[in-house]
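> model the following, please.
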Amino acid sequence: MKEDKGKAVVEGGSRRLMMRVLHTYFVMARGMTLGVRAACFDTEGRVFLVRHSYLPGWYFPGGGVERRETVGEALTKEIREEGNLEATAPPELLGVYFNRHVSKRDHVLFYRVNVRQTAPRLPDREIVECGFFDPANPPAGTTDATLRRLSELRGELPRAETW
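Below is the predicted model:
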């Protein structure tokens, strides 16, 4: 049992180190980091959330905007890669958020998107679990930022400027 706990601590430390190295690379390569995230809703009004292998908690699908990529291209790519999702209507930009938890220069464009899933999304090295959930009752472990965005979407909180 002790061995398993030690292994989990090492894996968690390795993940944090990997994220720090990747972020350092992005800061040097990009100057300012820009990402997209989307509240993706199916026809039943459920929201799609993902759980990554390298971060704890449930998140909206999304990721970084790469060089020579529009935010629309990044959004389409991320929801496809993380959930086999495609938009059924044009995405609606809800806000631009400063994500000070990542760095002093990270911003997130947050969208609302009506989607359909083209095929089940099977677990892999990046996404270990995903699915559609009742937005008023997301799974345990949903991140604070995701919960705040869901509250904003329901009109329970005013839109913030920070993620």
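> could you point out which element follows the strand ranked longest in the chain?
Ordering each strand of the chain by length in residues (DSSP state E) puts strand 106-117 first. Toward the C-terminus, strand 106-117 is succeeded by strand 127-133 as the next helix or strand (DSSP states H and E).
> now do that next one against strand 106-117, angle only.
Orientation of strand 127-133 against strand 106-117 (axes from the mean of the first three to the mean of the last three CA atoms, to 10 degrees) gives an angle of 70 degrees.
> what mean pLDDT does the longest strand of the chain have?
Here strand 106-117 scores 97 as its mean pLDDT.
> for it, list every residue counted as buried.
When burial is assessed from 16 or more other CB atoms under 10 Å, strand 106-117 yields the following buried residues: Asp106, His107, Val108, Leu109, Phe110, Tyr111, Arg112, Val113, Val115, Gln117. To be clear about C-beta, it is placed using only N, CA and C from the backbone, and glycine gets the same treatment.
> how many residues are close by Gly83?
Residue neighbour count, defined by other CB atoms under 10 Å, stands at 24 for Gly83.
> from memory it sits against Phe132, does it?
No: if you go by CB atoms under 8 Å, Gly83 and Phe132 don't touch, sitting 9.1 Å apart.
> now for the two: what residues contact both?
Residues within reach of Gly83 and of Phe132 at once, by CB atoms under 8 Å, 6 or more residues apart in numbering, are Phe48, Gln117.
> before we move on, back to that, pairing partners for the longest strand of the chain, with directions?
In the sheet, strand 106-117 lines up against strand 33-41 (parallel), strand 85-87 (antiparallel), strand 92-98 (antiparallel) (DSSP bridges).
> kindly state the pLDDT recorded for Phe18?
Not quite, residue 18 is Met, not Phe. At Met18, the pLDDT value in this model is 76.
> ramachandran angles for it?
Taking degrees, to the nearest 10, you get phi -60, psi -40 for the backbone angles of Met18.
> residues contacting it?
Residues in contact with Met18 (CB under 8 Å, 6+ apart) are Tyr54.
> gap between it and Gly63?
Distance of Met18 to Gly63, computed by CB to CB, to the nearest Å: 15 Å.
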